[in-house]
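S.K.: requesting a structural model of the entry that follows:
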Amino acid sequence: MLEVFAPEGIPEVTAGTDLAELAAPFVSEGDVLVVTSKVVSKAEGRVVERDREQAIRDETVRVVARRGPTSIVETRLGVVMAAAGVDASNVAAGRVVLLPVDPDASARRLRESLAAVAGVNVAVIVTDTAGRAWRHGQTDLALGVAGMVPMESFEGAVDAYGNTLAVTAPAVADEIAGIAEVATGKLGGRPFTVLRGLADRVLPRGDHGAGARVLVREAGSDMFGLGSREAVVAALAGRDRQAFGAAAAAEDLVRALTECGLPAALAGDTVRVDVARSDLRVTALAFAHGWDVDADLSSNSTTVLAPLS
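M.R.: As a prediction, the model looks like this:
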């Protein structure tokens, strides 16, 4: 049986607050403690007096998409989220809360402190709220994890019907973060959530696991590494090639060229297009698919595309 509760009466957290002392009365051996990144940031002194837009720029590594005032960016943590996770709520005017510098390290420190203060072995998850591609609304996800495996893999397992599973990998830490947010709420002043009944998932003392970093999809394997407008700009400008992923199959490139009204056909290991190589559509489509214009081409009416070596 799974029991979930968010303790009431947690006092205001400020720089230097000992989170382990606050959480210790509520946790038992084998629990999973979920703590919001905001209180972790407050305890670690990540509340700064700064213009919010400037703070977002400072915390941004790469802009993924921008629509009006909303920016979806890759943060210094490698996580893609709105406004770089910069939060101006529940703080004094003119101040903003930045994400923890290293949420996995924050989770490890809190786990170790709880072992010392309360004598219990628990798992710790540091969470924040984010939107999701394809869906309205937001949910909480794991930014930092210590003491549990954040993602399971069932690849190669066989289901009850004899089917071999290929890409089934539940993001357990994110699922727990979502459960915790339901109990914590947004306005209740309850920064901790305790999940009891998951002791089988808690790793032995001293083993913190791989951390939440393994949940971050690597650049190039993300099919949505750029917004739709930003992808067009990047392809035309010939930049951010890594965001387009591995080179596409020749058949996929031919299909894309044809859909854009460019007569194309396979020619051995290359693709021939019956337009001049100066046609920007060819250059952009080739770039986005991981192909390039053959530098040795002399014809002005036919373009040869070759996969990048």
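
S.K.: walk me through the domains of the chain.
M.R.: Using automatic domain parsing, the domain parsing of the chain gives 3-46+100-215, 246-307.

S.K.: just the terminal-to-terminal distance for the shortest one.
M.R.: Domain 246-307 has an end-to-end distance of 10 Å (C-alpha to C-alpha, to the nearest Å).

S.K.: equivalent analysis for stretch 260-273, please.
M.R.: Here the two ends of stretch 260-273 are set 12 Å apart, with distance taken as C-alpha to C-alpha.

S.K.: before we move on, what about stretch 39-56?
M.R.: 19 Å.

S.K.: how much space between residue 290 and residue 247?
M.R.: Per C-beta to C-beta, to the nearest Å, residue 290 is found 3 Å from residue 247. Backbone N, C-alpha and C define where each C-beta goes, glycine included.

S.K.: check residue 181 too.
M.R.: From residue 181 across to residue 247, the span is 40 Å (C-beta to C-beta).

S.K.: ok, these two, which is more surrounded?
M.R.: Per other C-beta atoms under 10 Å, whichever of residue 181 and residue 247 has more neighbours is residue 181, with 21 against 14.

S.K.: pLDDT on stretch 256-270, on average?
M.R.: Per-residue pLDDT values over stretch 256-270 give a mean of 91.

S.K.: so how far is that stretch off the chain centroid?
M.R.: 35 Å (C-alpha atoms, centre = their mean, to the nearest Å).

S.K.: re earlier: highest mean neighbour count out of the domains of the chain?
M.R.: domain 3-46+100-215 (a mean of 18; mean count of other C-beta atoms under 10 Å).

S.K.: hang on, residue 88 packs against residue 98?
M.R.: No: judged on C-beta atoms under 8 Å, residue 88 makes no contact with residue 98 at a distance of 10.8 Å.

S.K.: give me the more crowded residue out of those two.
M.R.: Ranked by neighbour count (other C-beta under 10 Å), residue 88 and residue 98 place residue 98 first, with 23 against 16.

S.K.: can you give me the pLDDT of the more buried one?
M.R.: Per-residue pLDDT puts residue 98 at 96.

S.K.: name the nearest residue to it, sequence neighbours excluded.
M.R.: In space, not counting the residues next to it along the chain, residue 98 is nearest to residue 46; the distance is 4.5 Å by C-beta to C-beta, 6 or more residues apart in numbering.

S.K.: who's in contact with that neighbour?
M.R.: Residues in contact with residue 46 (C-beta atoms under 8 Å, 6 or more residues apart in numbering) are 97-101.

S.K.: so which of those sit within strands?
M.R.: Judged by DSSP state E, the contacts of residue 46 include residue 97 as members of strands.

S.K.: dump the contacts of residue 46 to a markdown table, plus distance to residue 32.
M.R.: Listed next are these as a markdown table, based on distance: C-beta to C-beta, whole Å:
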| residue | distance to residue 32 |
| --- | --- |
| 97 | 24 |
| 98 | 25 |
| 99 | 21 |
| 100 | 19 |
| 101 | 23 |
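
S.K.: which among the contacts of residue 46 gets closest to residue 228?
M.R.: Among the contacts of residue 46, residue 99 lies closest to residue 228 (C-beta to C-beta), at 26.5 Å.

S.K.: you'd agree that closest one is up against residue 130?
M.R.: No: at 11.1 Å, residue 99 does not count as touching residue 130 under the criterion of C-beta under 8 Å.

S.K.: in terms of pLDDT, where does the residue nearest to residue 98 sit?
M.R.: Note for residue 46: predicted pLDDT of 96.

S.K.: ok, now residue 71?
M.R.: Predicted confidence (pLDDT) for residue 71: 93.

S.K.: could you do the one 3 residues further on as well?
M.R.: Looking at residue 74, its pLDDT stands at 93.

S.K.: and it, how far is that from residue 230?
M.R.: 12 Å.

S.K.: who has more neighbours, those two?
M.R.: residue 74 (21 against 18).

S.K.: residues touching that one, list them.
M.R.: Going by C-beta under 8 Å, 6+ apart, the list of residues near residue 74 reads 60-64, 80.

S.K.: where's it, which helix or strand?
M.R.: Assigned by DSSP states H and E, residue 74 belongs to strand 70-75.

S.K.: just the CA coordinates for that strand, please, in PDB.
M.R.: Backbone C-alpha positions of strand 70-75 (Å, rounded to 0.1, in the frame of the first residue of the first chain) are rendered in PDB as follows:
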ATOM      1  CA  THR A  70       7.300  32.900 -23.400                       C
ATOM      2  CA  SER A  71      10.700  31.400 -23.800                       C
ATOM      3  CA  ILE A  72      11.400  27.600 -23.700                       C
ATOM      4  CA  VAL A  73      15.100  27.200 -23.100                       C
ATOM      5  CA  GLU A  74      17.800  24.700 -22.100                       C
ATOM      6  CA  THR A  75      19.100  25.600 -18.700                       C
END
